[in-house]
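Asker: here is my input, please return the structure:
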Amino acid sequence: MNKSLFTKNKKIAQSRILSLFCYMKVTVIISLFLMSLGFQSCQSEYSERMLKALELKQKYMEVKDIILESNNTNLKPMLVEIEREIKIQAQISGNEELFLAEVWKN
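Answerer: Just a heads-up that it's a prediction; the model follows:
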């Protein structure tokens, strides 16, 4: 009788350990999935900010060319405003220094 009870208890323990292990695996998989979604969201936000900043840089270069060609210094405040907008995009990106280096590299 004791041997039968021991075998039964052993099977119950094994079953519970297996259930716990499966639960832990599912928890890890779900956690990894949610973390990957979070990283993807951050990356897409950074990409959006970069696209906006590159558009602003293009506008900056066009205004700068106009100023150089026409000697029209009245447009200089526009350059300052565009630079300010690019800095705002850099601050929102989360890594201002790297962001600005990437925008102004060319």
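Asker: output the contacting helices and strands for the longest helix seen in the chain.
Answerer: Identified as the longest helix of the chain according to DSSP state H is helix 2-70. Secondary-structure packing of helix 2-70 (3 or more C-beta pairs under 8 Å, 6 or more residues apart in numbering; DSSP states H and E): helix 76-93, helix 96-103. Using the backbone N, CA and C atoms, a C-beta is placed for each residue, glycine as well.
Asker: other SSEs contacting the first one?
Answerer: Right, the one you point to is helix 76-93. Contacting helix 76-93 under the criterion 3+ C-beta pairs under 8 Å, 6+ apart are the following elements: helix 2-70, helix 96-103.
Asker: just the mean pLDDT for that helix, thanks.
Answerer: Summarised as a single mean, pLDDT over helix 76-93 is 92.
Asker: can you list the helices and strands packed on helix 2-70 in a markdown table and add distance to residue 45?
Answerer: Listed next are the helices and strands packed on helix 2-70 as a markdown table, based on distance: least, C-beta to C-beta, whole Å:
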| stretch | distance to residue 45 |
| --- | --- |
| helix 76-93 | 8 |
| helix 96-103 | 12 |
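Asker: which outside residues touch stretch 87-97?
Answerer: Under the criterion C-beta atoms under 8 Å, 6 or more residues apart in numbering, residues 42, 45-46, 49-50, 52-53, 56, 99-100, 103 lie in contact with stretch 87-97.
Asker: how near is residue 94 to residue 44?
Answerer: Separation of residue 94 from residue 44 (C-beta to C-beta, to the nearest Å) stands at 12 Å.
Asker: which per-residue confidence value corresponds to residue 35?
Answerer: 69.
Asker: widest-spaced pair of the contacts of stretch 87-97?
Answerer: Within those, two members stand farthest from each other by C-beta to C-beta: 42 and 56, at 21.2 Å.
Asker: more neighbours, these two?
Answerer: When neighbours are counted by other C-beta atoms under 10 Å, residue 56 comes out ahead of the other of residue 42 and residue 56, with 20 against 12.
Asker: which residues touch residue 103?
Answerer: Residue 103 makes contact with 50, 53-54, 57, 86, 90, according to C-beta under 8 Å, 6+ apart.
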